[in-house]
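Provided below are the primary sequence and the corresponding predicted coordinates.
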Amino acid sequence: MITRMSSLFLRTLREDPADAEVPSHKLLVRAGYVRRVGPGGYSWLPLGLRVLRRIEQVVREEMDAIGGQEIQFPALLPREPYEATGRWTEYGDSLFRIKDRKGGDYLLGPTHEELFALTVKGEYSSYKDFPVVLYQVQTKYRDEARPRAGILRGREFLMKDSYSFDLSDEGLAASYQLHREAYQRIFDRLGLSYVIVSAMSGAMGGSASEEFLADAPTGEDTFVRSTESDYAANVEAVVTPAPPALSIADKPESQVHHTPDTPTIETLVTFLNGAGLGREFTAADTLKNVLVKVRAPGAKSWELLAIAVPGDREVDPKRLEAALYPSDVALLEEADFTANPFLVKGYIGPKALQDNGIRYLVDPRVVTGTAWVTGADKVDHHVVDLVCGRDFTPDGTIDVADVREGDPSPDGRGTLVAARGIEIGHIFQLGRKFANVFGLDALGADSKPIRITMGSYGIGVSRLVAVIAEQSHDEQGLVWPRAVSPADVHVVIAGKDDAVREGGERLAAQLDEAGLSVLLDDRTSTPGVKFADAELIGVPTIVVVGRGLAKGVVEVKDRASGERVEVPVDDAVAHLTDLVRG
RNA sequence: CGGGCUGUGGCGCAGCUUGGUAGCGCAUUCGCUUUGGGAGCGAAGGGUCGCAGGUUCAAAUCCUGUCAGCCCGACCA
């Protein structure tokens, strides 16, 4: 196919749009791929739509390769299925709700687990029908609190979502693995740099869950990776390795000290080091007891929970929430302290907690034989050398302390560093949550029903356009990988005389004949404009037909490296075909 | 939802303090020149200044409200 820029619906911009911050947003707008229509809503112009379609194609090929079957649901959905799973309310303000003329409730689908589960229930009823994998590539709607960065986070976006239906946990694990491998092939083909991190499944329920995060300094998701190994994880999923237990026998007796005006860790450490105890204390030698209250799902009342972390660390709210999910967590209010006078703010210690029957969970670093400075349950008093396993016995561990750069990697190799990424894919084993709600069963060989177990797998297809742009651009503009480029070659006619024009036209026709898609700059603009636009648009191979034509050569430029070679015009088609076909 | 900044031809901006004929660059159209790195000269079209209300003889400019955008935070499969 030949696309003529003289008639292409395209206007490139010389300046960055004022509302754009990240490179992909600036460049996709400047190069005429997308235009903003409303908050979080973008239109796809011809070049942008081609890239989007090519990405879809890669996704479809790999989904089909693992036996996925494509179907399509409406985006406009009735309330009932989402009412049944509780997500009509659970989704909160992020759900676009609409009323029809009769006052009936509808929503614009944010994700389609309900519909897939109901559809399978409607069609299949025998164990012989399973397993099955269905998918769709469809527009999703989420009323994001803050859409940002152009198409990176919109309120309407294109997503591939697939769902596996299996008879057993082993089957689900196999379907999950198939998807995981398909996703790796997809992202590899798209030329992306990414990591797979273990994630918490959060509100979706279910167990195993991994996210595919594309490396990008502008990403919204923070994760940690090891300096030495390929370990990577969401902060919520980092497991702190427990040090080996120590001997109790050689520890000095615990002693209560009068420590006036030391309600914070900082004041306490300063005081201790000035108290002449014969050793240096750091915040890491102290044990901070943090009180929260938790409420199990469906429960009416809150239960107090004490969490001990080393004094140099804070409780990370996200890790806390993930660790206690699905229970709700809240900080204590003044009234809670009043109701429990044994809680001496700033001086809480394990003794009072355990004496009063409060569940006491400690950081994994608090192992048997470790000695701590902690509260003595009395204003202005702390206890030194309180030994775990001798002076107090926790009810268990809870891994909610903040994770920091320099912490040892959980796999034992290297230390952790923080990195930022953009979520491009998410796979997880949903389990039977949705099947239970809808009674999704298959009749087994013994004529007894088998509850189906589901997996759910998503790829942000439209987001990928931005993510690829984010990872692949330079000062001049976009640099598309061949797999998704809006054209195979960009032929620039650099000259006004008829010979040059005809030479460019002829080459374009020959390349088209050879099966390549050609973007032909046949405009009457000056060469400088055309070169700048070619670099902005980002087709990986640029062919300049111009002054060299007189001596029988054209110039072939690699967009990524900037390298240029002169190729005899008679060899150009073969040369370019080789380049494009790899 | 909280804090900060910003809304003026298609795009990027000035004008607002001190109210009085709406301006610049890019883009677009026409003419002549130019043609390997975002050309030159000349001419032209295009904006009820986000929206609503108020003050005033007079509002882009002052006041009130509202909507939208960007950034930080909260939230978010």
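That came in fine, so what should we check first?

ok, the longest strand seen in chain A near RNA strand B or not?
Among the segments of chain A that qualify as a strand by DSSP state E, the longest is strand A:416-431. Yes - among the residues of strand A:416-431, A:423, A:425-426 lie within reach of RNA strand B under CB under 7 Å from any atom of the strand. Any C-beta I mention is one placed from the backbone N, CA and C, and that applies to glycine too.

ok, so of those, who is nearest A:Glu513?
Using CB to CB, A:Gly425 comes nearest to A:Glu513 of the residues of strand A:416-431 next to RNA strand B, at 38.1 Å.

secondary structure element for the nearest residue to the closest one once chain neighbours are set aside?
Spatial nearest neighbour of A:Gly425, excluding adjacent residues (CB to CB, 6 or more residues apart in numbering): A:Phe212 at 3.6 Å. Assigned by DSSP states H and E, A:Phe212 belongs to strand A:209-215.

so how far is the one helix or strand A:Val529 maps to from its chain's centroid?
Per DSSP H and E, A:Val529 falls inside helix A:527-537. Relative to its parent chain, helix A:527-537 has a centroid offset of 34 Å by CA atoms, centre = their mean, to the nearest Å.

and that helix, what other elements does it pack with?
Packing partners of helix A:527-537 (3 or more CB pairs under 8 Å, 6 or more residues apart in numbering; DSSP states H and E): strand A:489-493, strand A:518-521, strand A:541-545.

in JSON lines, list the ones you listed along with distance to RNA strand B.
Output for those, formatted as JSON lines (distance: least, CB to the nearest atom of the strand, whole Å):
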{"stretch": "strand A:489-493", "distance to RNA strand B": "8"}
{"stretch": "strand A:518-521", "distance to RNA strand B": "11"}
{"stretch": "strand A:541-545", "distance to RNA strand B": "4"}
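
dump those strands to JSON lines, plus distance to A:Val400, mean neighbour count and mean pLDDT.
Formatted as JSON lines, these follow (distance: least, CB to CB, whole Å; neighbours: other CB atoms under 10 Å; pLDDT from 0 to 100):
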{"stretch": "strand A:489-493", "distance to A:Val400": "53", "mean neighbour count": "26", "mean pLDDT": "95"}
{"stretch": "strand A:518-521", "distance to A:Val400": "54", "mean neighbour count": "26", "mean pLDDT": "95"}
{"stretch": "strand A:541-545", "distance to A:Val400": "52", "mean neighbour count": "25", "mean pLDDT": "95"}
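
just give the number of residues close to the closest residue to RNA strand B within the stretch 301-450 of chain A.
Relative to RNA strand B, the nearest point of the stretch 301-450 of chain A is A:His426 (3.3 Å; CB to the nearest atom of the strand). Counted with other CB atoms under 10 Å, the neighbours of A:His426 add up to 20.

how far away is A:Val292 from A:Ile358?
To A:Ile358, A:Val292 is 11 Å away according to CB to CB, to the nearest Å.

now for those two: what residues contact both?
A:304-305 (CB atoms under 8 Å, 6 or more residues apart in numbering).

ranges for the strands of the stretch 251-400 of chain A?
A:255-258, A:287-295, A:303-310, A:328-331, A:359-362, A:371-375, A:381-387, A:396-397 (DSSP state E, counting those that start in this stretch).

quick one: A:Lys530 and A:Gly495 touch, right?
No - checked against CB atoms under 8 Å, the pair A:Lys530 and A:Gly495 is beyond contact range at 10.3 Å.

and the stretch 301-450 of chain A, which of its residues are near RNA strand B?
Residues of the stretch 301-450 of chain A lying near RNA strand B (CB under 7 Å from any atom of the strand): A:317, A:423, A:425-426.

about what we covered before: list the contacts of the residue nearest to A:Gly425.
Per CB under 8 Å, 6+ apart, neighbours of A:Phe212: A:183, A:187, A:194-196, A:423-427.

so what's A:Pro252 up against?
A:371, A:385.

hmm, try it at 10 Å
A:371, A:384-385, A:387 (CB atoms under 10 Å, 6 or more residues apart in numbering).

so which of these wins on neighbours?
A:Val384 (23 neighbours).

that one contacts A:Asp285, correct?
Yes - counting by CB atoms under 10 Å, A:Val384 touches A:Asp285, with 9.0 Å between them.

picking up where we left off before, on the strand side of things, show who the residue of the stretch 301-450 of chain A closest to RNA strand B bridges to.
A:His426 has these beta-bridge partners by DSSP bridges: A:Glu211, A:Gly458.

was I right about it contacting A:Ser198?
No - taking contacts as CB under 10 Å, A:His426 lies outside contact range of A:Ser198: 11.4 Å.
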